[in-house]
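In: what shape does this take:
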Amino acid sequence: MKPGNGSRLDPGVNWIRGETIHMKTAKQGWLFHLLILATLLACSRQKAPVPTLEGESWRICHAPDLDSLNGPDPSRQHVVDHGFIRDGEGIWHLWACMRGTAAGRILYGWRGESLTNPPFMESGIAARADSSWGEQVVPEEKIQAPFFMKSDSGYFCFYNSNGLRIMFSDNGRDFRRIPFKKGSNLLFEKSGRDVMIMEDEGLCYAYSTISTVTRDGWTSGFIVVRTSTDLKTWSDYTVVSSGGIAGNGPVSAESPYVLKRNGIYYLFRSSSITGKCYVYASDTPYHFGINDDSKLVTILPLKAPELLHQDEGWLISDLADFRGIKLHRLVWVK
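Out: The predicted model follows:
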């Protein structure tokens, strides 16, 4: 007999057709649930307030004349990665890395009573790399990316020079290196660069930029995080952001700044390829997107920002033209 004309094969054919229909129905249901989940996630991200620049910016400091430390090419002597701290008397201090100087990279300082009343006064050279502490002085001095944090015991300044290092101050003004860990101020090696620390529920998160080159010449850049409860013992790293619209090169994921606001974690990630800052919102501090921009909430026209909160509201900094740090007002738009 031919199949389909009452043969014994008919039940088999009917069963296969029924199974096929069942599988299609299940697949459609599975896809429907995925669609609902994706919609819910999208709605959740849409509910995350978006950091938005407001009004005109102002320059809070100007590039200094370093006299004998001026570099050979003034056009390449730049004010770059920086950090702010308010001391015990209410005075604001700004430290920034100066690159292209005769010595290499040094830290320079400014101070002022108000972030909205520019410009700050020059304080002079804040720090230079010190070989007695194992910091980099060959082939040139290299100390960079100051980041400040206030604690119950005093004030910390984190910076990079042959690894992540630490200074301490009792008053938020006068910082000194201290033998914090095993007689050294080194917190951990292979820290990358542009390290910032976020404290959340008793855990410190150290975010930094990593730039790599493969054997065949391919380059990449990404942001990693390590965690610690005491600033002495640190976890292994986790990659939290790479690729996407900002690019994949060695300077595509720089100067990370992470903050938690109303239960949402925001990553401000800068790219020297585009000169812009890419802001991601996530419900976890460990993942902002790997070759994925689904958590991207906005792109800001600035570079290497630090966020500051005071009575007047939020402010965000900008490297601008490398001739002095600028500040913008920042609002959170729902």
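In: only C-alpha atoms from now on, for both contacts and neighbour counts.
Out: Fine.
In: quick one, phi psi at S75?
Out: Main-chain torsions, S75, degrees, to the nearest 10: phi -70, psi -20.
In: number of residues surrounding it?
Out: The tally of other residues near S75 (other Cα atoms under 10 Å) stands at 10.
In: same thing with the one 5 residues further on?
Out: Close neighbours of V80, defined as other Cα under 10 Å, add up to 23.
In: ok, for it, nearest residue in space, not its chain neighbours?
Out: Nearest residue to V80, sequence neighbours excluded (Cα to Cα, 6 or more residues apart in numbering): C97, at 5.4 Å.
In: in which helix or strand would I find that neighbour?
Out: According to DSSP states H and E, C97 maps onto strand 92-99.
In: what is that strand packed up against?
Out: strand 78-86, strand 104-112, strand 144-150 (3 or more Cα pairs under 8 Å, 6 or more residues apart in numbering; DSSP states H and E).
In: sorry, back to before: kindly state the beta-bridge partners for the residue nearest to V80.
Out: Residues in a beta bridge with C97, per DSSP bridges, are L107.
In: in this structure it contacts Q77, no?
Out: No. Using Cα atoms under 8 Å, C97 is not in contact with Q77; the gap is 10.3 Å.
In: who's more crowded, those two?
Out: C97 (27 against 22).
In: distance check, that one against S270.
Out: Going from C97 to S270 by Cα to Cα, to the nearest Å gives 17 Å.
In: same question, G112
Out: For G112, the distance to S270 - Cα to Cα - is 27 Å.
In: who has more neighbours, the two?
Out: S270 (27 against 21).
In: check contacts around S68.
Out: Neighbour list for S68: A102 [criterion: Cα atoms under 8 Å, 6 or more residues apart in numbering].
In: spell out the secondary structure type for it.
Out: helix (DSSP: H, G, I helix; E, B strand; the rest coil).
In: can you pull the pLDDT of E312?
Out: Predicted confidence (pLDDT) at E312: the value is 82.
In: so the closest residue to E56 other than its chain neighbours bridges to which residues?
Out: Once flanking residues are discounted, E56 sits nearest to H328: 6.7 Å by Cα to Cα, 6+ apart. H328 forms beta bridges with I316, as assigned by DSSP bridges.
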